[in-house]
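*Asks:* below: sequence and its predicted model.
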Amino acid sequence: MSKTVFKYCPMCATPLHEVQHTGHMRMVCDQCGFVQWGNPVPVVAALVEYQGKILLARNVAWPAHFYALITGFLERDETPESGAIRELKEETNLDAVHSELIGVYPFPMKNEVIMAYYVKAEGRVELSEELADYKLVDPAQLRPWRMGTGLAMADWLLARQLPVNWIELK
């Protein structure tokens, strides 16, 4: 079964039905032909080097022990790279002085595609209301998880010939 965003057609308010459409299960309106495609959402991530360490942040909604890369949704009319830099500025007030693509990663559990960038930053950290805390971690001490942004972190570590010590989430 597909992950349903709409139960009713946003065009005509008729209940949607799940059917095979273009090789996938889709929610379709029999009345007007609306198709809920369920395409992945584009997300940008920044693995931020700041003061020689990697900045990891904790969202206000996360458990106290969980820190991650800076992430956010790609906005209309912006490139993935400028989106990652914008998210960095919005969430930490830091300025990017260099950025480069790490890679593109699937994140099916949230129906997202993550475009991850390495960003070297400077300035003074001022957290947005979205973030509760941050910490700076020596690159050799990073512990990526085996999906989403963790795959980007692992690729970044490998490119620098640093060990990848996976963390197992329960």
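*Replies:* Great, that's in hand. Owing to the predicted nature of the structure, the values given are computational and were not obtained by experimental measurement.
*Asks:* list the buried residues in the longest helix seen in the chain.
*Replies:* In the chain, assigned by DSSP state H, the helix with the most residues is helix 80-92. Burial within helix 80-92, assessed by neighbour count using 16 or more other C-beta atoms under 10 Å, is assigned to 80-81, 83-89, 91-92. C-betas here are computed from N, CA, C, even on glycine.
*Asks:* report the angle between the helix or strand that comes right after that helix and helix 80-92.
*Replies:* Scanning forward in sequence from helix 80-92 by DSSP states H and E, the next helix or strand is strand 95-107. With axes from the mean of the first three to the mean of the last three C-alpha atoms, to 10 degrees defining the directions, strand 95-107 sits at 110 degrees from helix 80-92.
*Asks:* continuing past strand 95-107, what's the next helix or strand?
*Replies:* The helix or strand immediately downstream of strand 95-107 is strand 112-122, counting by DSSP H and E.
*Asks:* ok, and the closest non-adjacent residue to Leu74?
*Replies:* Nearest residue to Leu74, sequence neighbours excluded (C-beta to C-beta, 6 or more residues apart in numbering): Pro42, at 4.1 Å.
*Asks:* contacts only, for that neighbour.
*Replies:* By C-beta atoms under 8 Å, 6 or more residues apart in numbering, the residues touching Pro42 are 73-74, 80, 112-113, 115.
*Asks:* Trp156 too?
*Replies:* 47, 102, 118.
*Asks:* orientation of the host helix or strand of it relative to strand 112-122 in degrees?
*Replies:* In this structure, Trp156 sits in helix 149-159 according to DSSP H and E. Relative orientation of helix 149-159 versus strand 112-122 (the same axes, to 10 degrees): 50 degrees.
*Asks:* low-confidence stretches in this structure?
*Replies:* Low-confidence segments of the chain (pLDDT under 70): 1-4, 170.
*Asks:* please redo it, this time with the cut-off set to 50
*Replies:* Scanning the chain for pLDDT under 50 picks out 1-2.
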